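*Asks:* A structural model of the following input is requested.
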Amino acid sequence: MTEERPGTAGSAALWERDTQLAAAERAIDALCADAASSGSLLLLTGEAGLGKTALMAETRRIAERRNCTVWSARGGETLKSVPFNVVRQLLQPALLSLMPEEAREYLGDWYDIAGPALGISEPGDRMADPQGVCDGLVAAVRRLAKRDWPLVLLIDDAHWADQETLRWLAAFAERLDDLSVLVVVARRPDEATGDRADHLEAIARTAVGPVAALDALTPAAAAGLTRATLGPHADGPFCREVWAVTAGNPYETVELLAKVQDAGLAPVEASCGSLRELNNSARGGGLVARLQDLGLAATRFAQAAAILGSGIRVDLVARLATLGPNEAYRCANLLCTERILTEPDLTAGQVTDSELEFVHPLIATAVYDSIPDGMRTAMHGIAAQVVTESGQGAAAASHHLLHVYPDDDEELVDQLREAAREHQAVGAPDAARSCLERALLEPPRPESHAHVLYELGCVTLLTSPATTIGHLQTALALPGLEGALRVDAIVRLSQALLHNDQMEEAVRTVEEEATRHQPGPARMRLQGAQFMLECLHGGDAPAPGRSERLAELARPCTGRDNSERALLMLRGFDAMAHGENAEEVVEVCDRALVNGRLAPGLGWTDPEWGIELLLMLACSYAYTDRLDRAEALYNEALRAYEAAGWSGGHLSLAHAYVGLGHRRRGRLREAETSLRESLRLAERVGRGLPLYWSATCNLVDTLLARGHVQEAWTVAEQYGFAPPYPSTIVLPEPRAVRGRLLLAVGRTKEGINELEAAEKAATARGFHNPVLATWAVDLARALATEDPLRAATLASDARRHAERFGTDTAIGEALRCLASLETGQRAVRLAAQAVAYLEASPCQYEHAAARVEYGILARSVAEIQRGLTLAKSCGADGLVAQARDVLETGRGLR
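*Replies:* Numbering: from 1, shown residues only. Reported below is the predicted structural model:
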């Protein structure tokens, strides 16, 4: 590069940055050209001092000249543990410029979900779902972006951004295709670790074009910058020494040249010996020495500002540094003159309204690192008090408390516990975990130690079951957890053991605790938890007499409290799965409701019992032909989770079971839509979990019903729908669905083996509901030619179980199977009976299939056409094609 000044009037640190500036200009031009254009993300990477911040500043100037709206934020080295710190910097100014009513109108349903994370509204009473908060932040920016187009987002020092912001940014970057926003991210390479590094990599993958990596200045560029700053008379040896001393680092070069000017040093070879000393004064120990030369008050002010890290108001710095207002004002101006802090907007009488920031992160780091360890720790403790007393709350102060040495301080333990609650309320469980882990180091007093462990176990339950087990087991072994709190800890421990694939220990834990209690609500809750775990277990046969004990325990229950209602729900599901009389199953389930609705405390977002119990209730209705009640519960769950902003596993399950309701009704298109959304959400939570199996299994089942066999096989292959199966129950039964899939793709022997495995598992558990366990009718059809005697036995058993169960769907499906094994008039009579039952059933796909089959056996054009009409309304394309083929052939029809 020649020794020419950059073409812009921007910072001297922009030398040799033409390529990056051109990319920014092209991106801004594309953004401004069309409000309907796709968004994009530019990524700048480079070591400290290579000009990332200067490029961001110049990008802002270019964007503002094009009348763009620009929002900016910066990560901080000491602020990585502060949740939502960077995204708050980015969005708060825009949101706080609105009236509260306007902000609520713009954010809509997301206001109560994302608002607390952004600090513009108070959190609710419940723990916020982190995924829901992330989705709410994405939705908030999308809505604001449409108002403020063309919008440019600048995020500097992203390697120091908090995990919650990076999670949001990764999700937002993936959705820029249909949103006209430019995002510019600057970061150092290889600085972050763990989840933060993973999020940064995900963000990098969305960047447009190659990553703009910054290099040090060449000797020629350093010479050009030197002569542009000091004058053309700067000689060659002096310019080369500037480059050598700074290693071509643009920030250090600019600072060094400023020091040369301040010192009045002539830019000639004779002055080269002074350059290294001047350069050292601009960083590290040299900066600290220069700071000390400014006086003790200025040093204390700078150190206090470094401790605070963000929100550096002069009044807060003054309190932390124990300076009077006038002295603090003087120090602020002095440090700005010395290019250590930015120029504040300070006037007499307005000191407390001013905010400062360090000119460059390197300066902030040098000042912070220069504070002796003991003094730094003490200052963080004082900063926590200052922040709390300023009204910012325990969560804001917790960043400082994490740095304080353990000192058996119960007040600090209480502050950290309160901060953890605040973090959970806004959707930052990782920050809550850090606070509680630090509280344990204090340590807490004996009377509160178990409570801290319990709270920590609750925070880690969904993210680290193994860690939760250790915390809760230790808490339960200590004095302090009594009454309802101890029972809740036992139930949560059993849930953690279940999620950690320790089913037997989970059951034993609640069973042993139940024996310690006298008959009453607590014991009944524990017994209910035990039976629920056993009902969910899809592995070996249950303990002998379990169903009988559950029936005996539930028999006198009237639903007077939630423990009784929970037992009734469990009894209803168990009876339904075993194929007991459907009317009696429904009567038991109805007793668990209050005026036909879920009781208070047993809602979808209530934590005491969890989602599994309520899904058992809804499925008991679904498989007893009470689809109206089942669908009302499924849709209530979906609305509850959407309203609460729970967009992780709970919402995935809700969509899966809404899809199951559509599938049972015969609304196959709607079922497929719901199930694909469920699978999309389940992918974000993680493969292998029961909710993932629920989404995949139901989607494969629905695609088979639609006749989309190849698509069903593709889904099964893509999402791992194959053995080994989960240890918990999945509806419909995965082995039966996979067996039917294998038959459909022509792998008959494998399909029969899978169905026989389903038979073995269902028989071991006593599951004889023919609608729930469809393996019997599928296996009978598959064996019709190979083993007709066994096929007939299976079909007869299915009819017997169906008649015992007593629903129109169960009896109709059993009769369809029997008809498929017969010939002549007997087949016609059985098919006609099947149609009669299924016509009264709410399951329209099965009714359509029975109509077509009956029409073919009876050679009736009218019946086939009726079946064809039903199949079309269901979206059963395979059945439609079959009916049309028969009608077009027309042989023997009348």
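
*Asks:* His655 is in contact with Leu681, correct?
*Replies:* Yes: Leu681 lies in contact with His655 (C-beta atoms under 8 Å); the separation is 6.6 Å. (Each C-beta comes from the backbone N, C-alpha and C, glycine too.)

*Asks:* now for these two: what residues contact both?
*Replies:* Taking C-beta atoms under 8 Å, 6 or more residues apart in numbering as the criterion, Leu681 and His655 both touch Ala695.

*Asks:* with neighbour numbers in mind, choose between these two.
*Replies:* His655 (28 against 24; other C-beta atoms under 10 Å).

*Asks:* so the more buried one touches Ala671, yeah?
*Replies:* No: with contact defined as C-beta under 8 Å, His655 does not reach Ala671; the gap is 10.5 Å.

*Asks:* Glu47 contacts Pro189, doesn't it?
*Replies:* Yes: counting by C-beta under 8 Å, Pro189 is a contact partner of Glu47 at 7.5 Å.

*Asks:* which stretches of the stretch 251-400 of the chain have low pLDDT?
*Replies:* Applying pLDDT under 70 to the stretch 251-400 of the chain flags the ranges 281-286, 343-354.

*Asks:* what segments of it are helices?
*Replies:* Ranges of helices in the stretch 251-400 of the chain, per DSSP state H, counting those that start in this stretch, are 272-280, 284-293, 296-308, 314-321, 325-337, 361-370, 373-389, 394-401.

*Asks:* what's the answer for the stretch 601-750 of the chain, then?
*Replies:* 611-622, 627-644, 649-665, 668-685, 690-706, 709-718, 734-744, 748-765.

*Asks:* so which of those comes closest to Leu838?
*Replies:* helix 649-665 (12.6 Å; C-beta to C-beta).

*Asks:* pull out the buried residues from that closest one.
*Replies:* Within helix 649-665, the residues scored as buried using 16 or more other C-beta atoms under 10 Å are 649-665.

*Asks:* do stretch 773-789 as well
*Replies:* Buried residues in stretch 773-789 (16+ other C-beta under 10 Å): 773-784.

*Asks:* show me the contact partners of it.
*Replies:* So stretch 773-789 is in contact with 732-733, 735-736, 739-740, 743, 748, 751-752, 755-756, 758-759, 762, 767, 770, 790-792, 794-795, 797-798, 801, 813-814, 816-817, 820-821, going by C-beta under 8 Å, 6+ apart.

*Asks:* and stretch 471-489, how far apart are its ends?
*Replies:* End-to-end distance for stretch 471-489: 10 Å, by C-alpha to C-alpha, to the nearest Å.

*Asks:* just name the shakiest helix or strand of the chain by mean pLDDT.
*Replies:* For the chain, using mean pLDDT, DSSP states H and E, the weakest element among its helices and strands is helix 284-293, scoring a mean of 74.

*Asks:* angle of that one against helix 272-280?
*Replies:* Going by axes from the mean of the first three to the mean of the last three C-alpha atoms, to 10 degrees, helix 284-293 is angled at 80 degrees with respect to helix 272-280.

*Asks:* which helices and strands does helix 284-293 pack with?
*Replies:* helix 272-280, helix 296-308, helix 361-370 (3 or more C-beta pairs under 8 Å, 6 or more residues apart in numbering; DSSP states H and E).

*Asks:* nearest to His451, of those helices?
*Replies:* helix 296-308 (30.7 Å).

*Asks:* which residues do Glu47 and Pro189 both contact?
*Replies:* Residues touching both Glu47 and Pro189 (C-beta under 8 Å, 6+ apart): there are none.

*Asks:* geometric centre of this structure: which residue is closest?
*Replies:* Geometric centre of the chain, nearest residue: Gln131, 2.7 Å, by C-alpha atoms, centre = their mean.

*Asks:* was I right to think that residue contacts Ser652?
*Replies:* No: if you go by C-beta under 8 Å, Gln131 and Ser652 don't touch, sitting 9.8 Å apart.

*Asks:* and Val185, its phi and psi?
*Replies:* Per-residue torsions, Val185: phi -120, psi 130 (degrees, to the nearest 10).

*Asks:* report how many residues lie close to it.
*Replies:* 28.

*Asks:* what separation do you get for the residue of the chain positioned farthest from its centre and Pro556?
*Replies:* Residue farthest from the centre of the chain, counting by C-alpha atoms, centre = their mean, is Ala270 at 62.0 Å. Using C-beta to C-beta, to the nearest Å, we find Ala270 at a distance of 103 Å from Pro556.

*Asks:* measure stretch 782-791 end to end?
*Replies:* Start and end residues of stretch 782-791 are separated by 8 Å (C-alpha to C-alpha).

*Asks:* what mean pLDDT would you report for that stretch?
*Replies:* In this model, stretch 782-791 has an average pLDDT of 95.

*Asks:* chain center to it, what's the gap?
*Replies:* 49 Å (C-alpha atoms, centre = their mean, to the nearest Å).

*Asks:* got it, and stretch 230-249?
*Replies:* 52 Å.

*Asks:* also stretch 786-797?
*Replies:* The answer for stretch 786-797 is 48 Å, by C-alpha atoms, centre = their mean.

*Asks:* near Glu888, how many residues? Count them for me, please.
*Replies:* By other C-beta under 10 Å, neighbour count at Glu888 equals 7.

*Asks:* show the model's pLDDT score for it.
*Replies:* The model's pLDDT for Glu888 equals 89.

*Asks:* mind checking which helix or strand Val184 is in?
*Replies:* strand 181-187 (DSSP states H and E).

*Asks:* parallel or antiparallel, list what pairs with that strand.
*Replies:* Strand 181-187 pairs in its sheet with strand 40-45 (parallel), strand 151-156 (parallel), by DSSP bridges.

*Asks:* hey, least reliable of those by pLDDT?
*Replies:* Ranked on mean pLDDT, the bottom entry among the strands paired with strand 181-187 is strand 40-45, at a mean of 91.

*Asks:* output whichever helix or strand comes after it as CSV, nothing but the C-alphas.
*Replies:* Remark: after strand 40-45, the chain's next helix or strand is helix 52-65, criterion DSSP H and E. Only the C-alpha atoms of helix 52-65 are listed here, as CSV (Å, rounded to 0.1, in the frame of the first residue of the first chain):
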residue,chain,number,x,y,z
LYS,A,52,-12.3,-3.5,14.8
THR,A,53,-13.8,-0.7,16.9
ALA,A,54,-12.6,1.9,14.5
LEU,A,55,-14.3,-0.1,11.6
MET,A,56,-17.5,-0.3,13.6
ALA,A,57,-17.4,3.5,14.2
GLU,A,58,-16.9,4.1,10.5
THR,A,59,-19.7,1.7,9.6
ARG,A,60,-21.9,3.7,11.9
ARG,A,61,-21.0,7.0,10.1
ILE,A,62,-21.6,5.4,6.7
ALA,A,63,-25.0,4.1,7.8
GLU,A,64,-26.1,7.3,9.3
ARG,A,65,-25.1,9.2,6.2
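
*Asks:* elements contacting helix 52-65?
*Replies:* helix 18-33, strand 40-45, strand 69-74, strand 151-156, strand 181-187.

*Asks:* apply 7 Å and report the result again.
*Replies:* helix 18-33, strand 69-74, strand 151-156, strand 181-187 (3 or more C-beta pairs under 7 Å, 6 or more residues apart in numbering; DSSP states H and E).

*Asks:* which of these is buried the deepest?
*Replies:* strand 181-187 (a mean of 26; mean count of other C-beta atoms under 10 Å).

*Asks:* can you list contacts of the following helix or strand past that one?
*Replies:* Next along the chain after strand 181-187, taking DSSP H and E as the criterion, comes helix 194-205. Helix 194-205 is contacted from outside by 43, 158-159, 163, 166-167, 169-170, 173, 185, 187, 192, 211, using C-beta atoms under 7 Å, 6 or more residues apart in numbering.

*Asks:* tell me which residues in helix 194-205 are buried?
*Replies:* 196, 199-200, 202-204.

*Asks:* stretch 509-516 now?
*Replies:* 509-511, 513-514.
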